[in-house]
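Asker: next comes the sequence, and after it the predicted model I'd like to discuss.
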Amino acid sequence: YVTDREVKKVLLKKERVSGKVLEVQDDEIEIEGYGSLAIGEDFNVYRLYGEFRRQNLSSVVVGSDVQEFVVADGQICAALAMRPFGAETIRVLVMDTGFQSIFHEAVTLEFLSPGVMAVGDREETFQPGDTVTFRSGDEKLARDRVVIKPTDESAGIRVTAIKRGDQIPVYPGHMEIKQESEGLVLVNEVYLEEYLKRVVPSEMPASYEKEALKAQAVCARTYAWRQIMANGYKNYGAHVDDSTKYQVYNNVATSASTDTAVNETYGKLITYEGKVAEIYYFSTSCGHTTDGTIWGASQSDYPYLRGIAVKEGGGTMDLTDEETFSQFIKSCPDGYESEFGMYRWTAKITGEQIQKKVTGIGTIVDLTMKERSIGGIGKVLWVKGTAGSKEIIGEGQIRAILGNTDTEIRQQNGNILTGWDSLPSAFISIEKEEGESEEDVCFTIYGGGYGHGVGMSQNGAQAMAKAGKSYKQILELFYDGTEVAEIDEIS
């Protein structure tokens, strides 16, 4: 016991357990081979390698096996971090068909190689072609998670209860199923590099240039590494899910081109001043990106996520003025992406359509962009009605308010998109068109780009690669001041 920086008493606790962390709750930790152990009142985490540090529960990452746990009277008193966590694997919550929920009423698995299925201390073997179905409420799931490990993890396990596109997906690695109050959760633990081979083609067309795919692979690996350490789904024993909330995983078949991109960038991460960077990417820019302040972050927190002009030489344009941005978005200045359809687009929306989403202020009569951020992205939209007004804050909210599934979005190449309940981006300028009365109004929206606009534009990366830029040059443009480093260099 330590008080006032002095050691008052030392108690030697001899019982230690070690194993992979399967789940972390506020009051207990589940350890492979031991089940769930309660966390003691005076629980601490101690880093014993490198510089000694006292840490908190958040540093106990699911999937890690770097700690030894000191146990007394059936409770965990301390976790001793013996070495750095290498993040070689990632644990993914597999959602249902359509990515509607992380919970399943039933899960059916088909085995493609021999292996072992363990429930607590009971084991069953299985052979290729065998199937098994688990249903929420099954008695065998009442106490323990089911762990299914194929002999050949590369052969995978087919999850016949869900679809991805038109396919029944096959997952490499091993599977775990656990009963939660809302239903079953299905966790796929897979080597990080194998995970990336199923993320990259799901996030970027496999037909894209090799250097663009390599840039995407490094971004995806960096993002995944940060999410592993963030421990976001620790209560369910996972790091991420397989939807657009994180990175889309295993939604598209692997390909030789994307496998090569992952292999040729093996273990490479984007770093800033020796730390793994916070990475974002999106589909298409309007010719300029924005920075992290659109989500409330301080620019000093992520200086490498500054807005840049997506053109040869980069640089930053001042587009925060209404008139300047309006001229920019209504024109089609040269840039890496100026030939892409979503580089410029237009849409029309009526006051009546907006009124369905903005209530309590009467009939909508006017819209004004009150504030823009770096690159001209809308930050604060003022909506005026006959009975009051409201401010819509944030690029996501602005896109949602002005989106409508009946609206036609006309790309600069003439293609028309429908069915979107959110605008492609918030890089927009709005013009009011008067109707027969003040209350009969329509708004023309001049827009550019597709996505939130922070970090790397994927189509910008493709255009840069076609122009002969390397993946490192692509990353240097979109993430200012960063470097590409090896994952084993990160402490």
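Answerer: Thanks, I have the structure now.

Asker: list the buried residues for stretch 361-368?
Answerer: Neighbour-count burial for stretch 361-368, counted by 16 or more other C-beta atoms under 10 Å, picks out Ile361, Thr363, Ile364, Val365, Leu367. Every C-beta, even on glycine, is put in place using the N, C-alpha and C of the backbone.

Asker: pipe those residues into CSV and attach distance to Lys348 per row.
Answerer: CSV is the format used below for those (distance: C-beta to C-beta, whole Å):
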residue, distance to Lys348
Ile361, 21
Thr363, 18
Ile364, 14
Val365, 16
Leu367, 12
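
Asker: nearest to Ser207 among the residues you listed?
Answerer: Leu367 (39.1 Å; C-beta to C-beta).

Asker: list the residues that contact that closest one.
Answerer: Ile354, Leu381, Trp382, Val383, Lys384, Ile430, Lys432, Phe443 (C-beta atoms under 8 Å, 6 or more residues apart in numbering).

Asker: give me phi/psi at the fourth one?
Answerer: In this case it means Val383. phi -110, psi 120 (degrees, to the nearest 10).

Asker: biggest helix in the chain by residues?
Answerer: Counting residues, the longest helix in the chain under DSSP state H turns out to be helix 210-230.

Asker: now what about the helix or strand following that one, what contacts it?
Answerer: Moving toward the C-terminus from helix 210-230, the next helix or strand (DSSP states H and E) is strand 240-241. Contact with strand 240-241 is made by 90-95, 99, 102, 224, 227, 232-233, 246-247, 249, as judged by C-beta under 8 Å, 6+ apart.

Asker: which of those fall in strands?
Answerer: Of the positions in the contacts of strand 240-241, Ile90, Arg91, Val92, Leu93 sit in strands, assigned by DSSP state E.

Asker: any idea how far the closest residue to the third one other than its chain neighbours lies from Gly232?
Answerer: The shortest distance from Val92 to any non-neighbouring residue, by C-beta to C-beta, 6 or more residues apart in numbering, is to Asn188 (4.7 Å). Per C-beta to C-beta, to the nearest Å, Asn188 is found 16 Å from Gly232.

Asker: who's more crowded, those two?
Answerer: Here Asn188 and Gly232 are compared on neighbour count by other C-beta atoms under 10 Å; more neighbours surround Asn188, at 24 against 17.

Asker: in which helix or strand does that one reside?
Answerer: Under the criterion of DSSP H and E, Asn188 resides in strand 183-191.

Asker: which residue ranges of the stretch 351-491 of the chain form strands?
Answerer: 364-372, 378-385, 388-393, 409-411, 416-417, 428-433, 442-447, 456-457, 483-486 (DSSP state E, counting those that start in this stretch).

Asker: as TSV, these with distance to Ala220 and mean pLDDT would be great.
Answerer: Output for those, formatted as TSV (distance: least, C-beta to C-beta, whole Å; pLDDT from 0 to 100):
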stretch	distance to Ala220	mean pLDDT
strand 364-372	30	95
strand 378-385	28	96
strand 388-393	30	96
strand 409-411	27	97
strand 416-417	26	96
strand 428-433	29	95
strand 442-447	27	97
strand 456-457	11	98
strand 483-486	14	94
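
Asker: could I get these as TSV with distance to Arg143?
Answerer: Putting those into TSV (distance: least, C-beta to C-beta, whole Å) gives the following:
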stretch	distance to Arg143
strand 364-372	55
strand 378-385	51
strand 388-393	47
strand 409-411	52
strand 416-417	50
strand 428-433	54
strand 442-447	54
strand 456-457	46
strand 483-486	42
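
Asker: ok now stretch 39-46, how far from the chain's centre?
Answerer: 31 Å (C-alpha atoms, centre = their mean, to the nearest Å).
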